[in-house]
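Visitor: here you go, sequence then predicted model.
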Amino acid sequence: MRYIISIDATRCTGCRICEMVCSLSHTGACWPERSRLRVVSEETDGRIESVPVLCMQCEVPACRLACPTGATFEGGPVGAILVAAEKCIGCSACVWACPFGASELDLATRVAHRCDLCEGDPRCVKYCPTGSLRYLPEDKLAIAEQRRKLGVLIDLQRLIRG
Amino acid sequence: MKSVYLYAGKILWVDLTSGKVWTTPTAAYAKRFLGGKGIGVRIVWEKSGLPSADPLGPDNALSFDSGPLTGTMMPGSGRCHISSKSPLTGLLGVTSFGGSFAPELKYAGYDHLVITGQAAEPAYLAIDNEEVTIRPAANIWGLDTYETPKALRKELKDEEIQWACIGPAGEKLIRFATIIGNMRDSAGRTGLGAVMGSKKLKAVTVHGTGGLRVARPERFYEVCAHTLDALKVSDPDKTISIQRYRRDEGRQKTSCFSCPTRCEEEYDPSGIRDGVVYYKWYAEMANKIGVRDMTMWRELALCINKYGYDAGSLGDITAWATDLFERGIIDEKDVGFPLAWGNSEAYLRLAEIIARREGFGDVLAEGLTRAARSIGPGSERYAVRTYAGNSEEVTHGSAQFYGHFAEGIAGTRLAFPMEDTSKAKTIVYTEDAIGRAEIVGSCKWHTEFNGLPLTSDVHAEVLSIGLGKEITANELSVYQQRVHQLERAFNCREGLRREHDILPDQYFTDSGSDGRIKGIAMDRSNFEVMKDRYYQLRGWDLTTGVPTRATLESFDLKDVADILEKG
């Protein structure tokens, strides 16, 4: 069974522990710019919303289709969508193609990179303090989201009934 | 370039008078003062060196400080310390905010940002990695702290900036104005927003794309991960009460950089606009003026945030004004409208006239000590304040702590609610834990004084692994105590002596202002004994309260001793 990192933006506090954990374990430095997932925050009139952005493990990965050299491939121990560094020409086609902005050019290596699922034990998930990031088997993804929405509904009803 | 671990490696200096911008290596300061507040205080000691120099004049330096752990995976590594001479107290002012500003400053390549001089016209500083520009702020001057970042992002056409700015309170040199950072956290105490205002510096924006190297990445990862786990299991009901506050009153939302604790609270009650509020504002302001209505309180909090006030000082001064009003020392003619406990509308109006320095607002804008002087006889009796000019709730347990606090300020640090002769030791323990966090660049609330697991051993281990050279807990303690001595020396150079380590009269009288503390007044001679004990532990002269030459030299501060002796 394939596992996927699911994102619950309503739980994200914008702490960026995921960026730290990811960049430190992949590059040996605390370097958000080179993290394979990014937290995007926006402030409107004092209200801050944050959301982690990372590879959604698409069934039909636009990044792979766009890659002109075949550097992007599905593989590794857990079937993540990886980049063969020696084939990557740094053209950024995958960056443009990704509908989520989850492909990035690593400015230090000039090679594209994205989430590799840490070989099946994603560290960002492990240390996300609020459960905004979860690692779920793909057959549980939909039901997890449905159950979450049920929770919201129940809360709402309680609120209305007082 | 020689490899530097954890540090960004450079200090960025900006002189607003000449428009000059330059950098120097951090290592020159880090050798003795490690980083964070330590280096900030040292820079201010050197640059604002003129005793009795006007804190709101061009001679004062304003230093934004990060520590070696800032911007790393270490939990709570998002604090930005700010050091300067305080316009409220005339002594050392050290304060801080959370968020991502300090980490971003390091990613841009700078451990510290030091502002000197004064701009001729309103300006803001834009830092984009190596590119540092002083830009005109004519269009931004006058905007509140909600509108300012919006305008900055629009002008720079960059959504990714982190920022720090002042509101109208800072521009108008209100002596308890704050500097507000990008997570809407406020560097509250000591009025450094007015220093920024005096320099005509509206804001600083930073964008950085660099990283921080770590000597032993795998081990560093393990220790930080372990610390994250340790913080997770801490019982919130036994430690940080904000989590209880949040459960009752708000939504769980924002965090500082690299922190699992999330003590910032976002709220969106009906009827008023959204915002982020910190639980402490409630304690520091609403309680003092008796505002019990949460919606009104939030309206007030929003106003504090937008104008850029220190909630603590604003709470003190408005409470004091209400007290004077009820006693008939001031009346409606002086204020312009009636004041009464719990009357939020009146407090909102008061906050507005202070920000505009209108009428009575202009008197209060000068802070408690100066306001008492201008209101005149009798008013100062009811001002709960220490020599340093800040005031405090009369709590027995924290009494000594506020009496001779190193920076001469009160309110940023807590003490345990017990009062006996062993209290001096407790204070040293607490100050040392906080001081250590503030020089390594991690959040003080995660340390042992607050019942959380970031002890000196943890800090020493993480630093050693990150820097690739052994720093023992003992060595770390020496750094911290050196900085503590320097803080005291700074204030002694400004004239602080033993007789100024005092508490408000109410602490010693049975009645207090309203009889609330009946029967628990402090004993004056006991307080002097407590001071003796504390001075002994710190190695300060018992008669003068000044650090002795022997003490300073034992912490490698001969240069400081020489300057103090010259007077």
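Guide: Received it, and whenever you're ready, just let me know what you need.
Visitor: what about the residue of the stretch 101-250 of chain B found nearest chain A, how many residues nearby?
Guide: Of all residues in the stretch 101-250 of chain B, B:G211 sits closest to chain A, at 2.5 Å by C-beta to the nearest C-beta. In short, each C-beta sits where N, CA and C put it, glycine included. Neighbours of B:G211 under the rule other C-beta atoms under 10 Å in any protein chain shown: 23.
Visitor: helices of the stretch 51-200 of chain B, start to end?
Guide: B:101-107, B:147-156, B:168-171, B:192-198 (DSSP state H, counting those that start in this stretch).
Visitor: so which of the ones you listed comes closest to B:L486?
Guide: The closest of these to B:L486 is helix B:192-198. By C-beta to C-beta, the value is 18.2 Å.
Visitor: in the following helix or strand past the closest one, what counts as buried?
Guide: The first helix or strand that comes after helix B:192-198 along the chain, using DSSP states H and E, is strand B:201-207. For strand B:201-207, the neighbour count (16 or more other C-beta atoms under 10 Å in any protein chain shown) marks B:L201, B:K202, B:A203, B:V204, B:T205, B:V206, B:H207 as buried.
Visitor: now whichever residue of the stretch 401-550 of chain B sits closest to chain A: which helix or strand?
Guide: The minimum distance from the stretch 401-550 of chain B to chain A, using C-beta to the nearest C-beta, falls at B:G466 (9.0 Å). Counting by DSSP H and E, the element that carries B:G466 is helix B:456-467.
Visitor: what's in contact with that helix?
Guide: The contact list for helix B:456-467 (C-beta atoms under 8 Å, 6 or more residues apart in numbering or on different chains) reads B:5-6, B:68-69, B:72, B:74, B:214-216, B:219-220, B:223-224, B:227, B:433, B:436-437, B:440, B:442, B:470-473, B:475-477.
Visitor: need the CA coordinates for the worst-scoring helix or strand of chain A on mean pLDDT. PDB is fine.
Guide: In chain A, the helix or strand scored least confidently by mean pLDDT, DSSP states H and E is helix A:138-161, which has a mean of 81. What follows is helix A:138-161, C-alpha atoms only, in PDB (Å, rounded to 0.1, in the frame of the first residue of the first chain):
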ATOM      1  CA  GLU A 138      -3.800   6.000   0.200                       C
ATOM      2  CA  ASP A 139      -7.000   4.000   0.900                       C
ATOM      3  CA  LYS A 140      -7.400   6.000   4.200                       C
ATOM      4  CA  LEU A 141      -6.900   9.400   2.700                       C
ATOM      5  CA  ALA A 142     -10.500  10.100   1.700                       C
ATOM      6  CA  ILE A 143     -12.100   8.600   4.800                       C
ATOM      7  CA  ALA A 144      -9.700  10.600   7.000                       C
ATOM      8  CA  GLU A 145     -10.800  13.800   5.300                       C
ATOM      9  CA  GLN A 146     -14.500  12.800   5.500                       C
ATOM     10  CA  ARG A 147     -14.200  12.100   9.200                       C
ATOM     11  CA  ARG A 148     -12.500  15.400   9.800                       C
ATOM     12  CA  LYS A 149     -15.300  17.200   8.100                       C
ATOM     13  CA  LEU A 150     -17.800  15.300  10.200                       C
ATOM     14  CA  GLY A 151     -15.900  16.600  13.300                       C
ATOM     15  CA  VAL A 152     -16.300  20.100  12.000                       C
ATOM     16  CA  LEU A 153     -20.000  19.500  11.500                       C
ATOM     17  CA  ILE A 154     -20.500  18.100  15.000                       C
ATOM     18  CA  ASP A 155     -18.700  21.100  16.500                       C
ATOM     19  CA  LEU A 156     -20.900  23.400  14.500                       C
ATOM     20  CA  GLN A 157     -24.100  21.700  15.700                       C
ATOM     21  CA  ARG A 158     -22.900  21.800  19.300                       C
ATOM     22  CA  LEU A 159     -22.200  25.500  18.900                       C
ATOM     23  CA  ILE A 160     -25.700  26.200  17.400                       C
ATOM     24  CA  ARG A 161     -27.500  24.100  20.100                       C
END
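Visitor: now, of the contacts of helix B:456-467, which are buried?
Guide: Buried subset of those (neighbour count, 16+ other C-beta under 10 Å): B:5-6, B:68-69, B:72, B:74, B:214-216, B:220, B:223-224, B:227, B:433, B:436-437, B:440, B:442, B:471, B:473, B:476-477.
Visitor: turn the helices of the stretch 51-200 of chain B into TSV, including mean pLDDT, distance to chain A and mean neighbour count.
Guide: Shown next, in TSV, are the helices of the stretch 51-200 of chain B (pLDDT from 0 to 100; distance: least, C-beta to the nearest C-beta, whole Å; neighbours: other C-beta atoms under 10 Å in any protein chain shown):
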stretch	mean pLDDT	distance to chain A	mean neighbour count
helix B:101-107	97	7	29
helix B:147-156	94	7	18
helix B:168-171	96	16	26
helix B:192-198	96	17	29
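Visitor: end-to-end on stretch B:131-151?
Guide: 20 Å (C-alpha to C-alpha, to the nearest Å).
Visitor: which residue does chain A have closest to chain B?
Guide: For chain A, C-beta to the nearest C-beta, closest residue to chain B: A:W31, 2.5 Å.
Visitor: counting neighbours, what do you get for the residue of the stretch 1-150 of chain B found nearest chain A?
Guide: The minimum distance from the stretch 1-150 of chain B to chain A, using C-beta to the nearest C-beta, falls at B:M73 (3.9 Å). Neighbour count of B:M73, defined by other C-beta under 10 Å: 30.
Visitor: so who does it touch?
Guide: A:I17, A:M20, A:V21, A:L24, A:C30, B:F220, B:Y221, B:C224, B:A225, B:S258.
Visitor: let's see if you can find the most crowded of those residues.
Guide: Ranking these using other C-beta under 10 Å puts A:C30 first, with 33 neighbours.
Visitor: just confirm B:I353 is within a strand.
Guide: No. According to DSSP: H, G, I helix; E, B strand; the rest coil, B:I353 belongs to no strand; its state is helix.
Visitor: bridging residues for the residue nearest to A:D116 when sequence neighbours are not counted?
Guide: Closest residue to A:D116 apart from its sequence neighbours, by C-beta to C-beta, 6 or more residues apart in numbering or on different chains: A:A80 at 4.9 Å. Taking DSSP bridges as the rule, A:A80 bridges to A:G75.
Visitor: hmm, A:Q57 and A:A80 touching each other?
Guide: Yes. Counting by C-beta atoms under 8 Å, A:Q57 is a contact partner of A:A80 at 6.9 Å.
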